[in-house]
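**Student:** I would like to see how this sequence folds:
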Amino acid sequence: MPEEQPSGGRCTVPHRSPAPDSPSAARAHVLGLCRRTDPARVDALLDRLDRPAATADVPWDEELARAVVRVADDRFVPLLVRLCAAPRPVALVALDALVVLRPGPGAVRTLVAVFTGSVDDRRVHEAASRALVAAGPTAVAALVPSVPWTREADRRLRQSLAWFFGRADCGTDRAVRVLAEFLSDPCSRTRAEAAASLGLRGDPSAGPLLQRALAHPDERVRARAATALGRVRAYDAVERLRRSAAHDAFPTVRNAAAAALRALAARER
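**Tutor:** Sure, this is the predicted structure:
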């Protein structure tokens, strides 16, 4: 006996939801858990993602990565470290989250690899720099042997290192010694970054180095050096700063020198 056709003569195909282990179902499951932040759901989310395979069997995208970050639980740090090797939009979300969550020693090896391997991608490179600073002293111990220190090394990398040592938890004396080398780098951008970092360190012993930088041909180096002299309390640089404030050919340098003079005067009161 022939089967009865549905009304209208059309054959209907029943709707099928994604298979439980399909990528779309895995993504939907993780996203659903992220949207409910009660402890049981967070534990279930951790159980779902707390293995290296989770970075492969879930189709990660920027929306999903941001959903995990919004849960704001430092137990997700290992996952975020693994996501640093994901495609660029996901990696940027993970790196920015690690800056806030303080990744610790376990993340350093991956962060160093991202830092040294991303010099051609400015945003990823800068995000990795910030995450390394957040990782603490272990980042310095891992980073220093992993990068080329010759003057022929990649300029962007040396510039980033000059930025890093202005903020890294490695002791001011050590940072000043490293930054003193960068202050004589052939690249003016690296010298300018080193001058700014010396100012952030605030060590008066950097004063003579920064005074010499006031005579550099590049106005960016001179401006950064002037600002740094105010921050390191270089009172013996007052006369040189006055000359720069009055006579430098570039307004950025004149303004930086004048601001440094005001800062020094304010500290004397």
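**Student:** the longest helix in this protein is where?
**Tutor:** Under DSSP state H, the helix in the chain containing the largest number of residues is helix 251-268.
**Student:** Which other helices and strands does that one contact?
**Tutor:** On a contact count with 3 or more CB pairs under 8 Å, 6 or more residues apart in numbering; DSSP states H and E, helix 251-268 meets helix 219-231, helix 238-247. All C-beta spots, glycine's among them, are computed from the backbone N, C-alpha and C.
**Student:** packing partners for the first one?
**Tutor:** If I follow you right, that is helix 219-231. Helices and strands touching helix 219-231, by 3+ CB pairs under 8 Å, 6+ apart, are helix 188-201, helix 207-213, helix 238-247, helix 251-268.
**Student:** For the stretch 51-200 of the chain, just list every one of the helices.
**Tutor:** Listed from the start of the chain, the stretch 51-200 of the chain has helices (DSSP state H, counting those that start in this stretch) covering 54-57, 62-70, 77-83, 88-101, 108-117, 122-135, 137-143, 155-164, 172-182, 188-201.
**Student:** Next, the buried residues of the shortest one.
**Tutor:** Going by neighbour count (16 or more other CB atoms under 10 Å), the buried part of helix 54-57 is 54, 55.
**Student:** circling back: would CSV of the helices and strands packed on helix 251-268 with mean pLDDT, mean neighbour count and distance to residue 103 be doable?
**Tutor:** Listed next are these as CSV, based on pLDDT from 0 to 100; neighbours: other CB atoms under 10 Å; distance: least, CB to CB, whole Å:
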stretch, mean pLDDT, mean neighbour count, distance to residue 103
helix 219-231, 97, 26, 29
helix 238-247, 96, 15, 40
